[in-house]
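Asks: Coordinates for the following, if possible.
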Amino acid sequence: MQEFINLFSHLNPAAYTIITLNILLLIFAQRILTHGFKLAPKTHQYTLWLMLFRGINFLIIFAFGYYYWYQPALEKGPALKILAILGITYAAYLLINFGNYFILKRYGKEREVEGKIRLTETYQTRAVSIFSSVFISIVALIAIIHILGFDSLLETGGVIGFIGVFLALTQSTWAPDIFSGLIILNSDMLGEGDVIEFNDGKTVYGLVYKTKLFHTEILNLIDNHRVMVRNARLRDFTIHNLTKFASARGLREKLIFKIGYDAPTEQVKKMFHEAFGKAIERGLNIEEQHGLEIGIQDTGDHAVEWVVFYHTKNIRKLIRTRQHMMAEFYAMSQQYGISLSTPYTLQIQDTSSNTKEAGAKERA
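Replies: Numbering: from 1, shown residues only. Next up is the predicted model:
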């Protein structure tokens, strides 16, 4: 405690003011940038300015600390060692974030996510970011080891070896997700902004929001909430990327209706086409130029199974479009007097002849 008091005894009022002011700026940097500079949170510009703002504050505090504490000190006490370790840790954090930002700026891909254009990660950005982060972390770790007094190569190697053994023992919890994330990014099968379908006990329609180091964030389009899926588990699913079309027509959606045999074929087709026209008039997200495809998929015991195909390119509103199309077909079926419920067929067997034969035998 006395050592900390002695450290602050070297400061004059001007140094107290400057260091205190910069500490306050470090603490309230986010609020200053949000309310003072009107920067939108969680954007790349906001992140860059936040790191720059805090970096300058840190350098000022470090410079004053070096001038007033380190130069007059005859030997390194524990308080100065703690300050040096904190300084190196913070500097490494800033360097990693600055590096990741410029790597994303250089190798990232622009994509539209939730109506906004933003830079998204690729295989190159993820791989280079991991390499640079590991390199900076190792340099910072070696510097911290030397500050703690482990000067010999054997002592330094022992500390690094202990950390290496710890990572090796825990690699089953983090390594599969890192490598799976790299494989997902490298395959380009799905990316941020894509709408995908997979089965995790139930069918999930989701928008890929962010592919992170260990997990992927997905916005569930049905329940309207975020889902976090481990990268390794995501690779185990059969994923349908609905955003990547097989042709320029868009996604080919299918609706199935079971209609009784008593409904005339021409009337059924006319009903579907008229409902499709009403949907276009209402401005639903369907491709008018490709028309409606109508066919019979199966002829069952109770009903004819009709199948209707239409195309859409607004995959973000896929579920809503499907619901509106079903509503249009149902409303038109009521106007045409065609039931969309599966009819229940009863087969009545004529037993009158058997009854007559039995009566004749009794009389005989």
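Asks: Burial check on residue 341, number of neighbours?
Replies: 11 (other C-beta atoms under 10 Å). Bear in mind the C-beta positions are built from the backbone N, C-alpha and C, glycine included.
Asks: Relative to residue 46, how far out is it?
Replies: 55 Å (C-beta to C-beta, to the nearest Å).
Asks: And residue 52, by the same measure?
Replies: As judged by C-beta to C-beta, residue 52 and residue 46 stand 11 Å apart.
Asks: any common contacting residues for these two?
Replies: Residues within reach of residue 52 and of residue 46 at once, by C-beta atoms under 8 Å, 6 or more residues apart in numbering: there are none.
Asks: helix/strand/coil for residue 307?
Replies: With DSSP: H, G, I helix; E, B strand; the rest coil as the basis, residue 307 sits in strand.
Asks: Now it: closest residue in space, sequence neighbours ignored.
Replies: Counting by C-beta to C-beta, 6 or more residues apart in numbering, residue 307 lies nearest to residue 297, which is 4.2 Å off, once chain neighbours are set aside.
Asks: any idea of the pLDDT on the one you found?
Replies: Looking at residue 297, its pLDDT stands at 90.
Asks: right, and it touches residue 309 too?
Replies: No. Taking contacts as C-beta atoms under 8 Å, residue 297 lies outside contact range of residue 309: 10.7 Å.
Asks: secondary structure element for residue 82?
Replies: Per DSSP states H and E: residue 82 is located in helix 78-107.
Asks: For that helix, enumerate the helices and strands it packs against.
Replies: Counting contacts by 3 or more C-beta pairs under 8 Å, 6 or more residues apart in numbering; DSSP states H and E, helix 78-107 packs against helix 2-8, helix 44-65, helix 123-147.
Asks: which of those helices has the lowest average pLDDT?
Replies: Per-stretch mean pLDDT for the helices and strands packed on helix 78-107 is lowest at helix 2-8 (a mean of 53).
Asks: By neighbour count, which bits of the helix holding residue 82 are buried? Give me those.
Replies: Buried positions in helix 78-107, judged by neighbour count with 16 or more other C-beta atoms under 10 Å: 80, 83-84, 87-88, 90-101, 103-104, 107.
Asks: Stretch 232-244 too?
Replies: 232, 234, 235, 239, 241, 242, 243.
Asks: Now do the SS call for residue 310.
Replies: Under three-state DSSP, residue 310 falls in the strand class.
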